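K.L.:
My questions concern the predicted model and sequence given below.
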Amino acid sequence: MPRLATCAALFGLAVLAIGPTAGAREAAAPEGEAQTEVALGERMNASTVTVVTGTPGGTYFRVGADLAFVLDDGDRLRILPILGKGAGENAYDIRFLRGVDLGFVRTDTLEQLRQDKRLKNIERHIQYIAKLFDDELHVIAPNAIKTVADLAGKRVSFDVKGSGTDYSGRAIFRELGVSVEAINVDQPTALEMLRKGEIEAVVSVAAKPVAFIAGFDPGDRFHFVKTPYPDTINQAYVPASLSHADYPKLVTGEAVETVAVGTILGVYNSPKGSARYDKLVRFVDAFFGQFDKFLAPQRHPKWREVNLAASVNGWTRFRPAQDWLDRHRDQEVAGQPELERFFRSQPDRPAGKEEIYQAYLKWRQAR
């Protein structure tokens, strides 16, 4: 008690010493600080656009990082990449997770979602900003397996449950009429199981070059399995190939035939006039308006495949993105068509990536 009394007395003296005006100012400080924090939080949320990508080291993760490096603009716009499982799960994240604005999904994703009887009007909730690049089907198997048809009835890994490979890989196999014993394990584990003979193939549907595949040493035992493109396959899939330039260890001769599925930048269709809608409008303006920067040599090579104006069958383009394209219809939209015109205009093409990029920038500036 004496100690408490002493403390109280000291506190009383302190109040008397500083006077009522200073005391009132001190009491008001926490409220002012709280108001400042609220404003800061509101400003950060109003400028931050989140994009769900893929697993660490994967193409989606790297492309998401490119978005942040290129488009971050102080308090006006910040891109926050989020690790995800891949295209299969990303669609659900865009639709249902609070705070997820964008995500990398695939042209066959809508069909996947339509099969989920829990979902209604999915086309209205998830739309797209732009068609990006193609994700190639990679099938690694022992040399005895010559084509995908040889895998019928055998154990095949399709990455983890819910990944883009899990959905698109299985869907492509169904389109090809090849029924396998599908399992789901992470890719490093799958490669080890392949070496031990516990499975017959490892499947990956991802944009080439895929880091974990490029680092795989096949020795004289494994190779890419040829996947011819059938005329009867769903229009969401396109013919593709895997070359020695893509995978020096796995392709030593001619390019290997395969199929691919398109990746798009999906978006949650926020109501017009909402704060979320407004920041997505700023994202669209920045993404389309600064697209040249994604063609720099230090960015992922897949950006060079992008044609921002390309439409995607069965999908609805996000209104601000369509509005941007309509406003710039009479101008060149940065992307593949312009690059093709650039290369056709060069009698002696530069050899290195940096030289190509610098020559392209000079050509575009001159025009």
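P.N.:
Structure's in. What do you need?
K.L.:
what's the longest strand in the protein?
P.N.:
strand 126-142 (DSSP state E).
K.L.:
ok now it, how far from the chain's centre?
P.N.:
10 Å (CA atoms, centre = their mean, to the nearest Å).
K.L.:
Poorly predicted segments of the stretch 101-250 of the chain, please.
P.N.:
Along the stretch 101-250 of the chain, the model assigns pLDDT under 70 to no residue.
K.L.:
which residues in it form helices?
P.N.:
When assigned using DSSP state H, counting those that start in this stretch, the helices of the stretch 101-250 of the chain occupy the ranges 109-114, 122-125, 164, 170-176, 187-196, 211-214.
K.L.:
now the longest one and strand 126-142, what's the angle there?
P.N.:
Angular relation of helix 187-196 and strand 126-142 on a 0 to 180 degree scale: 20 degrees, by axes from the mean of the first three to the mean of the last three CA atoms, to 10 degrees.
K.L.:
Report the buried residues of helix 187-196.
P.N.:
Q187, A190, L191, M193, L194 (16 or more other CB atoms under 10 Å). Quick note: C-beta positions are derived from backbone N, CA and C, even for glycine.
K.L.:
As a markdown table, those residues with distance to G41 would be great.
P.N.:
Shown next, in a markdown table, are these (distance: CB to CB, whole Å):
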| residue | distance to G41 |
| --- | --- |
| Q187 | 38 |
| A190 | 43 |
| L191 | 44 |
| M193 | 47 |
| L194 | 49 |
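K.L.:
Can you tell me which of these comes closest to A275?
P.N.:
Q187 (38.6 Å; CB to CB).
K.L.:
Quick check, the closest one in contact with G215.
P.N.:
No: Q187 lies out of contact with G215 (CB atoms under 8 Å); the separation is 10.8 Å.
K.L.:
Tell me the residues that contact both of those two, please.
P.N.:
The overlap between the contact sets of Q187 and G215 (CB atoms under 8 Å, 6 or more residues apart in numbering) is empty.
K.L.:
Give me the neighbour count for R221.
P.N.:
13 (other CB atoms under 10 Å).
K.L.:
Isn't it up against A141?
P.N.:
No: in terms of CB under 8 Å, R221 does not count as a neighbour of A141; the distance is 9.8 Å.
K.L.:
Quick check: chain neighbours aside, which residue is closest to A144?
P.N.:
Leaving out its chain neighbours, the residue that sits closest to A144 by CB to CB, 6 or more residues apart in numbering is D150, at 7.7 Å.
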